[in-house]
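Undergrad: Mind folding the following:
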Amino acid sequence: MALTMVHLVVADLWAQKHPEFLESPEFYYGAISPDAVHVRDGGDKSHKNEIHLNNWVSPHPDDVIRYWMAHSTPFDIGYGVHVLADGQWVPRYKEKLPGILRPNGLLNTDIYYNDTFVTDFRLLAMRPRLQQILDMVAVARTPREHPLLEDYMFIKWRADLLEAYRGECPRHDPIRFIDDVYVNAFVKDALPLIEKTYQKLMEMRP
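TA: Below is the predicted model:
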């Protein structure tokens, strides 16, 4: 999965064409919230694909449209933007970064989490807009009766992320694969599917 700052960059750039979401705290709150499943499940990822609307390791935009047809608050739109980004993240690094995989084909998590954490903290330092978005997330209203996760999970996940990104980066080794150049290219390539999915939603609505 992409880490928090990548998701917020994706959400913010997508919202440039949708100004109704551009300054919405709840939209950005939604864009970090599918990973609140970890508050409930910890390191158990067996439910992660379900919580990501079947988009954890590959994109399934029709599942996102079905979710959006039933749940369309700014929080929900941000939630869908998050999972559509994640659905494109995994296939991309598998294709473009074979060196980040172990000989058995599994992800080398030591390299991966060092790269993603260091790059995420660099993005936050380089882009003042991200700090503004975190400030918005901090005051966003938590949804009630969400269909997939409970409100306390969103609240705890948000608190944990805000605390983490106000501190120091937990990793410090040199980046090997996933740097800001890679992230920028990913974001550019990920946006069209998100936009296409949202436009299809707009066409389907009465």
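Undergrad: Please make it C-alpha for all contacts and neighbour counts, starting now.
TA: Will do.
Undergrad: now what about the helix or strand of the chain with the lowest mean pLDDT, what contacts it?
TA: In the chain, no helix or strand scores lower on mean pLDDT, DSSP states H and E than helix 37-41, which sits at a mean of 92. Residues outside helix 37-41 that contact it (CA atoms under 8 Å, 6 or more residues apart in numbering) are 44-45, 47-48, 51, 149, 153, 156-157.
Undergrad: repeat for stretch 57-71
TA: By CA under 8 Å, 6+ apart, stretch 57-71 touches 49, 53-55, 76-77, 80, 84, 86-91, 197-198, 200-201, 205.
Undergrad: Buried subset of these, written for ChimeraX?
TA: To isolate the buried members of the contacts of stretch 57-71 in ChimeraX, using 16 or more other CA atoms under 10 Å:
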select :49,53,54,55,76,77,80,84,86,87,88,89,90,197,198,201
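Undergrad: from the contacts of stretch 57-71, which ones fall inside helices?
TA: Cross-referencing the contacts of stretch 57-71 against helices under DSSP state H gives 49, 76-77, 80, 84, 86-91, 197-198, 200-201.
Undergrad: Out of these, which is nearest to M126?
TA: Looking at the ones in helices among the contacts of stretch 57-71 and their distance to M126, the nearest is W89, at 21.7 Å (CA to CA).
Undergrad: Quick check, pLDDT for the closest one.
TA: pLDDT, W89: 97.
Undergrad: That one reaches A2, doesn't it?
TA: Yes: the pair W89 and A2 qualifies as a contact (CA atoms under 8 Å) at a distance of 6.5 Å.
Undergrad: Point out where the chain drops to low pLDDT.
TA: Along the chain, no part satisfies pLDDT under 70.
Undergrad: let's go with 90 and repeat that
TA: Filtered on pLDDT under 90, the chain yields the residue ranges 1, 41-46, 205-206.
Undergrad: any idea where the helices of it begin and end?
TA: 4-15, 19-22, 25-30, 37-41, 48-51, 61-70, 74-96, 109-126, 128-139, 151-165, 180-204.
Undergrad: what residues are up against P143?
TA: 75, 151.
Undergrad: Quick check on it: phi, psi?
TA: phi -70, psi 150 (degrees, to the nearest 10).
Undergrad: what do you get for N108?
TA: Here is the backbone geometry of N108 (degrees, to the nearest 10): phi -80, psi 100.
Undergrad: So it versus R102, what's the distance?
TA: Distance of N108 to R102, computed by CA to CA, to the nearest Å: 5 Å.
Undergrad: same thing with P25?
TA: According to CA to CA, P25 stands 39 Å off from R102.
Undergrad: Compare the two and say which is more crowded by neighbours.
TA: Set side by side, P25 and R102 show more neighbours around P25, with 22 against 11, by other CA atoms under 10 Å.
Undergrad: ok, now which ones touch the more buried one?
TA: 133, 136-137, 139-141.
Undergrad: just V83 next, same as before
TA: Taking CA under 8 Å, 6+ apart, one finds 34, 52-53, 55-56 in contact with V83.
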